[in-house]
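*Asks:* Got a sequence here, can you build the structure:
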Amino acid sequence: MHELSIAEGVLRIVAAEAEKQGFTRVLEIRMRIGEYAGIVPDCLREFFPLAAKGGPAEGAALVIETVPAAFRCPDCGYEGSVARREARCPVCGGTAIRMTAGRECYVEDLRVE
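*Replies:* Now for the predicted structure:
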C-alpha cells in the first residue's frame, strides 16, 4: 500500500509546480517507473484518484511508462537485459553486473491549464 504515499508525493510535486508556475488544473501526469522500483503501477493508478480528490490534479489522467531494467557487465562490456533468475552476464557469465536502468520513479511531464 505504499503506492498511496507515492501518489501523495507526486501530488506534492504537482502542488509545488502549480504554485511556482501558476496553473490551476492538471490534465495529465506522465511518470516513468522502473521495472525494479518496487511499485505496482496498477495500484498507483487505483490510489491516485483518492489522493488527488479536492486538489488541482483531481480528474487528471495518470500515464505511467514502465522502464525496463538494463545492466552493464564491467568484465566484458555487455549492456542490456539480464534474466531475473540468472543475475549474471548472459555473454561472459560474470556476476559483477550493475543495474543502469530500472529503479527510477519520477514525474516526467505535466499537462496543465
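*Asks:* residues of the longest helix along the chain that come out buried?
*Replies:* For the chain, the helix with the greatest residue count under DSSP state H is helix 2-21. Judged by neighbour count using 16 or more other Cβ atoms under 10 Å, the buried positions of helix 2-21 are 3, 6-7, 10-11, 14, 17-18. C-betas here are computed from N, CA, C, even on glycine.
*Asks:* What is the nearest of these to residue 34?
*Replies:* residue 6 (12.8 Å; Cβ to Cβ).
*Asks:* got the contact list for the closest one?
*Replies:* 39, 44, 105 (Cβ atoms under 8 Å, 6 or more residues apart in numbering).
*Asks:* Now with 6 Å, please.
*Replies:* Contacts here follow Cβ atoms under 6 Å, 6 or more residues apart in numbering; on that basis residue 6 touches nothing.
*Asks:* Quick check: pLDDT value at it.
*Replies:* Looking at residue 6, its pLDDT reads 96.
*Asks:* what is the orientation angle of whatever helix or strand comes next after the longest helix of the chain with helix 2-21?
*Replies:* With elements assigned by DSSP states H and E, the helix or strand that comes after helix 2-21 is strand 26-34. Here the directions of strand 26-34 and helix 2-21 differ by 130 degrees (axes from the mean of the first three to the mean of the last three Cα atoms, to 10 degrees).
*Asks:* Pairing partners for the residue nearest the centre of the chain in the sheet, please.
*Replies:* Note on the chain: the residue nearest the mean C-alpha position is residue 33, at 2.0 Å, using Cα atoms, centre = their mean. Going by DSSP bridges, residue 33 is paired in beta bridges with residue 66, residue 105.
*Asks:* That one is in contact with residue 105, isn't it?
*Replies:* Yes. Residue 33 lies in contact with residue 105 (Cβ atoms under 6 Å); the separation is 5.0 Å.
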